[in-house]
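# Let me see the structure of the following:
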Amino acid sequence: MSRSLSTEQLEHMASLSGLEFLRTAFALEDRPPFIGDLFEMHAEELEHGTATLSIPTRPSFANPLGVLHGGAAATLLDSVMGCSVHTTLEAGIGYGTLELKVNYIRTVPIDGRRLTGTGTVIHVGRQVATAEGKVVDEAGRLVAHGTTTCLIYG
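Sure, this is the predicted structure:
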């Protein structure tokens, strides 16, 4: 079942800064689904210029070798880096990923351990923004890191 926001909710969301929008969107209980639901993504921290999100590992995220598929870490990186950019934007301004670069450091078991990704803005201009991110496991070991370039529009 697809949920949708009321006209009033949509107007309210459109009036929020990027940071306010993200904080509100992650807190809404009855909201439309998004990619974070598929990964059971949880917002750990959202501040101006930075975003920290986490996901659990699980067997359905496995690659054919039985360890975490790299796409799960890439999705987490794309999310935290994009959200870090979004936290800096004014109301009514959006962004999209133009480029994503991911470096994988270690394999990750699919046993329920939580991965935490943190994205940090490097630069936000009028049309382009860049950010960097890293994903660590519960022991604080680096799993993957990356960079992104985002297009600013609005």
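# okay, CA-based contacts and neighbour counts for the rest of this
Will do.
# Now do the closest residue in space to Ala74 that isn't next to it in sequence against Val124, distance only.
Excluding the flanking residues, the one nearest Ala74 by C-alpha to C-alpha, 6 or more residues apart in numbering is Val102, at 6.5 Å. According to C-alpha to C-alpha, to the nearest Å, Val102 and Val124 sit 20 Å apart.
# picking up where we left off before, go ahead and confirm the residue nearest to Ala74 touches Ala144.
Yes: Val102 lies in contact with Ala144 (C-alpha atoms under 8 Å); the separation is 6.9 Å.
# Which elements pack onto the longest helix anywhere in the chain?
For the chain, the helix with the greatest residue count under DSSP state H is helix 70-86. On a contact count with 3 or more C-alpha pairs under 8 Å, 6 or more residues apart in numbering; DSSP states H and E, helix 70-86 meets helix 18-27, strand 50-56, strand 94-104, strand 114-124, strand 128-136, strand 142-153.
# Kindly export the last one (C-alpha atoms) in CSV.
Translated: strand 142-153. Provided in CSV are the C-alpha atoms of strand 142-153 (Å, rounded to 0.1, in the frame of the first residue of the first chain):
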residue,chain,number,x,y,z
LEU,A,142,36.3,1.3,8.0
VAL,A,143,34.2,-0.7,5.5
ALA,A,144,33.9,1.7,2.6
HIS,A,145,34.5,5.4,1.8
GLY,A,146,33.5,7.6,-1.1
THR,A,147,32.9,11.0,-2.6
THR,A,148,30.0,12.5,-4.5
THR,A,149,29.2,15.4,-6.7
CYS,A,150,25.6,16.7,-6.6
LEU,A,151,23.7,19.0,-8.9
ILE,A,152,21.8,21.8,-7.0
TYR,A,153,18.5,22.7,-8.5
